[in-house]
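S.K.: Sequence and predicted structure are below.
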Amino acid sequence: MLQGEQLLKLLKRRAELLANVRRFFSVRDVLEVSTPILSSAGPTAPYLDSFSTQFSAGNDSKTLYLHTSPEFAMKRLLAGGSGAIYQIAKVFRNGELGRQHTPEFSMLEWYRPGFSLADLMNEVDALMQQVIGLPAAVIFTYRDLFLNYLQLDIHQSEDETLKQLALERIAGLTADWQTDRDGWLEMLMSEVIEPQFKELKTPVMVTEFPASQAQLAKIEMNTDGQPVARRFELYAGGMELANGYDELCDAAELRQRFELDNKSRQQQGKPPMPIDENLLAAMQSGLPQCSGVALGLDRLLMLHLDVSDISMVQSIPFIES
């Protein structure tokens with residue numbers, strides 16, 4: 001834990017960052033909201049693990065989950081007619097600890113009814129420029145990155161080709177390593193391609209992810225006739241900072257995705273998660289077309305202060321809490 005002048009400097013820089021973020025949204029008439037941290041449902045995504053706790057009142061007992069993102073609750077507000085909203089929230093993810101990961105961190109999340117994905121990307125870029133003075137981002141499609149850095153067309157390649165390339169390019173992988181197509185793609189992206197973004201000296205936005213990686217985004221056909229996810233990710237300083245979607249508004253399709261996620265969790269030996277029926281009911285009542293994005297504020301502060309470990313931007317690091 002930092003002490004004295006170093007601690008005070010960090011506290012002031014974090015306060016300044018939050019004030020600048022709030023000023024950014026105030027002039028755009030985006031309303032700040034607050035939603036519950038605890039929920040009776042949690043994310044079904046196999047790559048996310050939630051913290052759980054037990055609520056007890058008399059003879060009643062109920063499992064609750066600390067949110068990994070305020071997304072589900074914020075979408076219920078959107079369906080209720082909130083209009084454009086943002087939230088600065090503490091979020092929690094079990095099992096995540098490293099130089100860029102910590103089980104408890106700060107997230108900025110916002111939703112823009114009526115915004116296209118391009119509109120939201122422009123707003124994210126404006127926030128990065130105005131709040132911490134970064135240059136304008138450059139934009140690549142997911143396919144173009146694999147073509148540029150690995151000479152590989154993801155729409156034409158076989159799973160075995162991806163595996164062999166990963167074994168060749170990623171240290172520590174063994175021939176018996178098991179994962180699916182998206183697993184190989186994600187490893188090549190994170191271990192081989194992303195580290196090279198630093199050389200560009202500018203933020204990078206990646207669009208047109210494979211449809212199998214849509215998560216909670218819509219899917220569309222791109223100009224090449226390939227189904228792609230209507231989402232983007234933002235990278236800067238060698239880190240992923242934000243993940244944005246043209247939000248899926250179809251409750252029936254979202255339920256199917258949740259159920260497929262839970263099947264995948266069980267195949268991986270993980271427990272299935274309760275599906276958020278409140279979210280699905282709100283979507284059925286009318287979630288407006290909107291685009292939304294989540295941005296890691298601790299990583300943004302890391303970038304602003306030019307430090308390489310997330311514990312260096314926490315007033316009291318997780319390992320000392």
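M.R.: Sure thing, it's come through.
S.K.: Quick check: mean pLDDT of the longest helix along the chain?
M.R.: What stands out as the longest helix in the chain, according to DSSP state H, is helix 4-26. Averaged across helix 4-26, the pLDDT comes to 95.
S.K.: Pull the residues that contact that helix.
M.R.: 1-2, 32, 86, 88, 108, 110, 126-127, 130-132, 297, 300-301, 304-305, 312-313, 315 (C-beta atoms under 8 Å, 6 or more residues apart in numbering). Yep, even glycine has a C-beta here, placed from its N, CA and C like the rest.
S.K.: ok, 10 Å please
M.R.: The contact list for helix 4-26 (C-beta atoms under 10 Å, 6 or more residues apart in numbering) reads 1-2, 30-32, 84-86, 88, 106, 108, 110, 123, 126-127, 130-132, 295, 297-298, 300-301, 304-305, 307, 312-316.
S.K.: Please name the residues that touch R99.
M.R.: M239, M302, V307, S308, D309, I310, S311, M312.
S.K.: buried subset of these?
M.R.: The neighbour count (16 or more other C-beta atoms under 10 Å) marks M239, M302, I310, S311, M312 as buried among the contacts of R99.
S.K.: can you redo those as a markdown table with pLDDT and secondary structure?
M.R.: Shown next, in a markdown table, are those (pLDDT from 0 to 100; DSSP: H, G, I helix; E, B strand; the rest coil):
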| residue | pLDDT | secondary structure |
| --- | --- | --- |
| M239 | 91 | strand |
| M302 | 95 | helix |
| I310 | 96 | helix |
| S311 | 93 | helix |
| M312 | 94 | helix |
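S.K.: Any buried residues in stretch 188-200, and which?
M.R.: Within stretch 188-200, the residues that qualify as buried are L188, M189, V192, I193, E194, F197, counting by 16+ other C-beta under 10 Å.
S.K.: pLDDT wise, what is the nearest residue in space to the third one that is not next to it in sequence at?
M.R.: Nearest non-adjacent residue to V192, counting by C-beta to C-beta, 6 or more residues apart in numbering: R169, 5.0 Å away. Among the per-residue scores, R169 shows a pLDDT of 94.
S.K.: Check the one 10 residues further on too.
M.R.: pLDDT, T179: 90.
S.K.: Over to S321?
M.R.: If you check S321, the pLDDT there is 75.
S.K.: count of residues packed around the residue nearest to it when sequence neighbours are not counted?
M.R.: Nearest residue to S321, sequence neighbours excluded (C-beta to C-beta, 6+ apart): E104, at 7.9 Å. Neighbourhood size, E104 [other C-beta atoms under 10 Å]: 15.
S.K.: E104: what's it in contact with?
M.R.: F51, L66, K90, V91, F92, R93, E96, D298, Q314, F318, S321.
S.K.: of those residues, closest to T44?
M.R.: R93 (14.2 Å; C-beta to C-beta).
S.K.: pLDDT wise, what is the closest one at?
M.R.: Reported pLDDT for R93: 96.
S.K.: Roughly how far does it sit from V228?
M.R.: To V228, R93 is 27 Å away according to C-beta to C-beta, to the nearest Å.
S.K.: Between those two, which is the more surrounded one?
M.R.: Set R93 next to V228 and count neighbours by other C-beta under 10 Å: V228 wins out with 24 against 21.
S.K.: Within its sheet, name the partner strands of whichever strand or helix holds the more buried one and how each one runs.
M.R.: Assigned by DSSP states H and E, V228 belongs to strand 227-236. With DSSP bridges as the test, strand 227-236 is paired with strand 204-210 (antiparallel), strand 219-221 (antiparallel), strand 239-246 (antiparallel).
S.K.: can you pull out the helices in the stretch 1-150 of the chain?
M.R.: 4-26, 71-79, 117-132, 142-150 (DSSP state H, counting those that start in this stretch).
S.K.: Run through who's touching the helix or strand just after the last one.
M.R.: Looking back up the chat, that one is helix 142-150. Per DSSP H and E, the first helix or strand lying C-terminal to helix 142-150 is helix 159-169. The list of residues contacting helix 159-169 from outside it, by C-beta under 10 Å, 6+ apart, reads 146, 149-154, 157-158, 173-175, 177-188, 191-193.
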